[in-house]
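A.B. asks: Mind folding the following:
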Amino acid sequence: MEFRIEHTWDGLPVNHEPARIQLKPWVEGLLMEVNAPFFDDPPAPPGEPGKPFDKLWDYEVVEAFFLNDRTEQYLEVELCPHGQHLLLLLSGRRKPWKQELALTCEVDRKETRWEGRAYLPWSYFPPCVNKFNAYAIHGSEARRTYEALYPVPPRDLQEGQQPDFHRLEYFKPFHFEDVMGKGWKQPESDLWKHFLCAK
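C.D. replies: Here you go, the predicted model:
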């Protein structure tokens, strides 16, 4: 299953080859592959490659969000071309309850493009994921660019509006069966089960 991020957050076509995200089966979860332009702007985060980095969204990233729209529980995955990553588990819009989770990931960076692979265990996904969106961010200051797989529709844009990747109402339907095969059932997550029991 492949997604192409072809628009800015407010619906304008991007002016470069779009970032692509592929989702594939993996024995312990989902393999997320990124193939995207490398802008090298802003410079690399001051963190160790292969490790979580807080506020990675301030740098060059490609992001994927997996949502249960009935509970507003979701997994946010961020990959950076310099090798850092950030995973957040959220319950409620912009309400993380666990972040900087461990992740096995690889990045291969060339002069103008980069590829990333992230191995996402099933325990990171909230129950009953049924919506998805993806984003790409790059550039500094006036050149800062926010791109969205499913942008805000033109009818909903308001003067002075800023990009907001937690507008869950614009996410679109998503089914793991389309990746894993018909009849497949999402495994129960010990992480989310513990969170739900602790509430």
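A.B. asks: From Pro13, how far out is Arg167?
C.D. replies: The gap separating Arg167 from Pro13 is 20 Å, by Cβ to Cβ, to the nearest Å. Backbone N, C-alpha and C define where each C-beta goes, glycine included.
A.B. asks: Neighbour count for these two, which is higher?
C.D. replies: Arg167 (16 against 9; other Cβ atoms under 10 Å).
A.B. asks: Disregarding flanking residues, what is the spatial nearest neighbour of that one?
C.D. replies: With sequence-adjacent residues excluded and distances taken as Cβ to Cβ, 6 or more residues apart in numbering, Arg167 is closest to Val152, at 6.5 Å.
A.B. asks: now Gln99
C.D. replies: Leu88 is the one closest to Gln99 (Cβ to Cβ, 6+ apart), at 4.4 Å.
A.B. asks: Quick check: that neighbour is in a helix.
C.D. replies: No - counting by DSSP: H, G, I helix; E, B strand; the rest coil, Leu88 is not found in a helix; it is strand.
A.B. asks: That one touches Lys98, doesn't it?
C.D. replies: Yes - using Cβ atoms under 8 Å, Leu88 is in contact with Lys98, at 7.2 Å.
A.B. asks: Between the two, tell me which one has more neighbours.
C.D. replies: Leu88 (23 against 16).
A.B. asks: Distance check, the more buried one against Val61.
C.D. replies: Separation of Leu88 from Val61 (Cβ to Cβ): 13 Å.
A.B. asks: Let me see the confidence value for Glu28.
C.D. replies: With respect to pLDDT, Glu28 scores 93.
A.B. asks: repeat for His194
C.D. replies: For His194, the predicted pLDDT is 80.
A.B. asks: gap between it and Trp97?
C.D. replies: Taking Cβ to Cβ, one finds His194 at 11 Å from Trp97.
A.B. asks: swap in Phe66?
C.D. replies: From Phe66 to Trp97 the distance is 15 Å (Cβ to Cβ).
A.B. asks: who has more neighbours, the two?
C.D. replies: More neighbours surround Phe66 than the other of Phe66 and Trp97, with 25 against 15 (other Cβ under 10 Å).
A.B. asks: Partner strands of the one helix or strand that one maps to and their direction?
C.D. replies: In the assignment (DSSP states H and E), Phe66 maps to strand 61-68. Neighbouring strands of strand 61-68 in its sheet, by DSSP bridges, are strand 73-79 (antiparallel), strand 131-138 (antiparallel).
A.B. asks: now the ones you listed in JSON lines, with mean pLDDT?
C.D. replies: Below are those laid out as JSON lines (pLDDT from 0 to 100):
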{"stretch": "strand 73-79", "mean pLDDT": "98"}
{"stretch": "strand 131-138", "mean pLDDT": "98"}
